[in-house]
Structures are given as structure tokens and as C-alpha cells.
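Participant: pasting the sequence and the predicted coordinates here, then a few questions.
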Amino acid sequence: MTPAKRIWISLLALGLVHELDALTNSESGDPLAERIRALFQVHTGVGRAAFLIVWLPFAAWPAAHLSVKKPCPFLTRQPTAYR
């Protein structure tokens, strides 16, 4: 397993553990959904619009990113010439 895979798996696992802990404790405001609602103030019209403007492109990005077969040119390693 590559180091990058280990990092991604670790981050996802830690996020899942944190969210499950937040869902099972009785403290209000702990789960991620409640934090996002408070951050964007989705109970207001402006907050709801801001959330949609930010969230929709963010949610669509994985589908577009994963459907492209070429690697991102910024993330691929190019051979470096040493002098």
C-alpha cells in the first residue's frame, strides 16, 4: 500500500470515528451536519443560498474528477534534470 493510500484511509477512518462519536453523545452541536448548519446559518435565506452556492460544485466535483481518465497534470511527477 502506498503512503498516499495510507494517509487517505487514515483520514477517512478518523473522520468516521469522530462523526460516530458525535452522533452517539448527547452534546448538541457536535455532528458535522449541525456544525455546517450553524456555519452557513441555513435557517436564513441568505445562508441557505450561500450553502447551495458552495455545496453544489463541491458535491459535483468527485463525479467529474473520477470520470476523467487522465491524471491531473499538477499532481503527476515530472522527471527532474539534475546538473
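Facilitator: In hand now; what should we look at?

Participant: buried stuff in the helix or strand of the chain with the lowest mean pLDDT?
Facilitator: Ranked by mean pLDDT, DSSP states H and E, the weakest helix or strand in the chain is helix 32-40, scoring a mean of 85. Within helix 32-40, the residues that qualify as buried are 37, 40, counting by 16 or more other CB atoms under 10 Å. Glycine gets a C-beta too; all of them are placed from N, C-alpha and C.

Participant: mind listing residues that contact it?
Facilitator: By CB atoms under 8 Å, 6 or more residues apart in numbering, the residues outside helix 32-40 that reach it are 19, 22, 28-29, 42-43, 47-48, 50-51, 54.

Participant: make JSON lines from those residues and add pLDDT to it.
Facilitator: Below are the contacts of helix 32-40 laid out as JSON lines (pLDDT from 0 to 100):
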{"residue": "Glu19", "pLDDT": "84"}
{"residue": "Ala22", "pLDDT": "81"}
{"residue": "Ser28", "pLDDT": "76"}
{"residue": "Gly29", "pLDDT": "72"}
{"residue": "Val42", "pLDDT": "89"}
{"residue": "His43", "pLDDT": "91"}
{"residue": "Gly47", "pLDDT": "92"}
{"residue": "Arg48", "pLDDT": "92"}
{"residue": "Ala50", "pLDDT": "92"}
{"residue": "Phe51", "pLDDT": "91"}
{"residue": "Val54", "pLDDT": "91"}
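
Participant: now Asp30: phi and psi?
Facilitator: phi -80, psi -50 (degrees, to the nearest 10).

Participant: now stretch 18-29 - C-alpha only, CSV.
Facilitator: Provided in CSV are the C-alpha atoms of stretch 18-29 (Å, rounded to 0.1, in the frame of the first residue of the first chain):
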residue,chain,number,x,y,z
HIS,A,18,-15.2,11.4,15.1
GLU,A,19,-18.6,11.6,13.4
LEU,A,20,-19.9,8.4,15.1
ASP,A,21,-18.7,9.7,18.4
ALA,A,22,-20.5,13.0,17.8
LEU,A,23,-23.7,11.2,16.8
THR,A,24,-23.7,8.9,19.9
ASN,A,25,-23.0,11.5,22.6
SER,A,26,-25.7,13.8,23.9
GLU,A,27,-24.0,17.1,23.3
SER,A,28,-25.8,19.4,21.0
GLY,A,29,-23.9,20.9,18.1
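
Participant: before I go, just wanted to say thanks for your time.
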